[in-house]
Structures are given as C-alpha cells and as structure tokens.
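A.B. asks: Got a sequence here, can you model it:
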Amino acid sequence: MYETKNMKFFIMMNILLCLRYDAYKIDMEYILGMDVNTFIDYYKQKIPIVIHRHNDEFHYDKLHCGNDIDVDHFYTCHKYNDDDRFRVVIANSEQSIKLTKYKEAWFEHFKNGFSILLNGIDCPHVQELFRKTFEKHVNINMYMTPPYSQALSRHNDTMDVFILQIKGTKHWFLYEGDDCIIHHVILKSGSMMYLPSGITHEAKTYEQESHHITIGIHH
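C.D. replies: Numbering: from 1, shown residues only. Predicted structure coming up:
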C-alpha cells in the first residue's frame, strides 16, 4: 500500500502515544496514587508530593506515553513531521541544537549528553482526565535524558506540574531561594511527583538514562 508522508507520521504517533485501548481504563486515582478530593484538599497549589511504587515499576506503561520510546522513535517522528515540537536540548542550558536529517547525529548527541524533548504530545485520554478534573488547559511533554546529564538548568514553572517517571531513574532537587536544597527526590519507574507552580527545581541523571513525561496544568 502506498503511504504518504502524513500517513507515516500518523501511524507512528498512534503507536507512540496514548491511542491504545487500555489507556482508556485509566482514572485520576491510578495516576495520582490517591483520590482526587484528597489531592485537592491537602496538596493542590500547596506542597509537593511524591508517590513511590517500589513494586510496580511498570505502573505507567498502561498510559502508552513513552515507555517504548528511544532515539530512533524520536528521529522517525521528526522526519515525518514538519512542525517545531521536536528539539534537542543541551544539559544545563536551553540552547537548542539545529536538528539534522542524519540519524547518526541524533545518536551521537544523545551519547554526548544531550536530552531529547518532545513538546506538546497528544495523549487524548490523559489530557481529558486532567481537563475535566481541574478545568484548566493541559500540556504534556516528554523527556529522554542520557546518563550523567541534565536536560534543563535550574528553574521554576508558572504552572503546576505532574512528573510521571516512565523508565529509568532521575534525581530531582527542590530549592528554597536560589541555593538552598530542601529536598532531594529520586524518582524511579512508576513514581510520580507533583510540584506546585513557583517551586525552583532541577533534575539530573546518574547511572541510568531516564524517560519521563510532565503534565502541566495552567492557571
């Protein structure tokens, strides 16, 4: 069968993102690790929370939002897509590298400490869950970071953020002021962290690479 460029991209995005049947069985409690009312009453826009699932490292596989992603998938998505959502970000800065058509260069960037970010991914069921719950605009990004690296420098966000650790391990450092670390959180596969807007943070990998998604709730 003849496949156009757009058809190939559509097929790939269906495979990678949240268009599989069992994603529609997920509810907010499955994602948050608690019922929604408890979250709203005690945590929402108040304090961070971390949920560890030590015996369920594949917890978020049912979302189908990045558990099988690798550099080759990112390259293929970019090759068959013309928009600007796909970018490589160097550790400790937000300097973007011009994307190249040569796949080998992508692997070389990743090997040399560059993270790959996919901004504004389309996860219909997850987005709809968060929209209905919080009645706000929802944005979902995906990050793939190699070992001993850092995708973004220390910063804070103007939105509330839910971090779902899909694969590997990532170390998060939460700050009070500019230099005082108040929490060092280690997220492993299946873990979730909620950060209210305004909390300064940065994240690093050490021995393992990391895949995670962030769900941002705009105020």
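A.B. asks: For stretch 162-181, the averaged confidence score.
C.D. replies: When the per-residue pLDDT values of stretch 162-181 are averaged, the result is 92.
A.B. asks: Mind listing what's buried along it?
C.D. replies: By neighbour count, and taking 16 or more other CB atoms under 10 Å as the criterion, the buried residues in stretch 162-181 are 162, 163, 164, 165, 166, 167, 168, 169, 170, 172, 174, 175. (Each C-beta comes from the backbone N, C-alpha and C, glycine too.)
A.B. asks: Give me the next element, helix or strand, following whichever strand or helix holds residue 167.
C.D. replies: Using DSSP states H and E, the secondary-structure element containing residue 167 is strand 160-176. Moving toward the C-terminus from strand 160-176, the first helix or strand encountered (DSSP H and E) is strand 180-188.
A.B. asks: partners of that next one, with directions?
C.D. replies: Partner strands and pairing direction for strand 180-188 (DSSP bridges) are strand 160-176 (antiparallel).
A.B. asks: got any ranges where this structure has weak pLDDT?
C.D. replies: Applying pLDDT under 70 to the chain picks out residues 1-25, 64-103.
A.B. asks: center of the protein - which residue?
C.D. replies: In the chain, the C-alpha closest to the average C-alpha coordinate belongs to residue 213, at a distance of 1.5 Å (CA atoms, centre = their mean).
A.B. asks: That one reaches residue 139, doesn't it?
C.D. replies: No - taking CB atoms under 8 Å as the contact criterion, residue 213 and residue 139 are not neighbours in contact, 10.7 Å apart.
A.B. asks: In contact with the spatially closest residue to residue 217 that is not a sequence neighbour, which residues?
C.D. replies: Nearest-residue entry for residue 217: residue 160, 4.4 Å, with adjacent residues in sequence omitted and distances by CB to CB, 6 or more residues apart in numbering. Shown here is residue 160, whose contacts under the criterion CB atoms under 8 Å, 6 or more residues apart in numbering are 44, 45, 194, 195, 196, 197, 216, 217, 219.
A.B. asks: measure residue 160 to residue 219 for me?
C.D. replies: When CB to CB, to the nearest Å is applied, the distance between residue 160 and residue 219 equals 8 Å.
A.B. asks: any idea how far the closest residue to residue 175 other than its chain neighbours lies from residue 180?
C.D. replies: Among residues not flanking residue 175 along the chain, residue 200 sits closest, at 4.1 Å (CB to CB, 6+ apart). With the distance defined as CB to CB, residue 200 ends up 10 Å from residue 180.
A.B. asks: before we move on, back to that, what about the residue nearest to residue 175, how many residues nearby?
C.D. replies: Burial measure for residue 200: 19 neighbouring residues, criterion other CB atoms under 10 Å.
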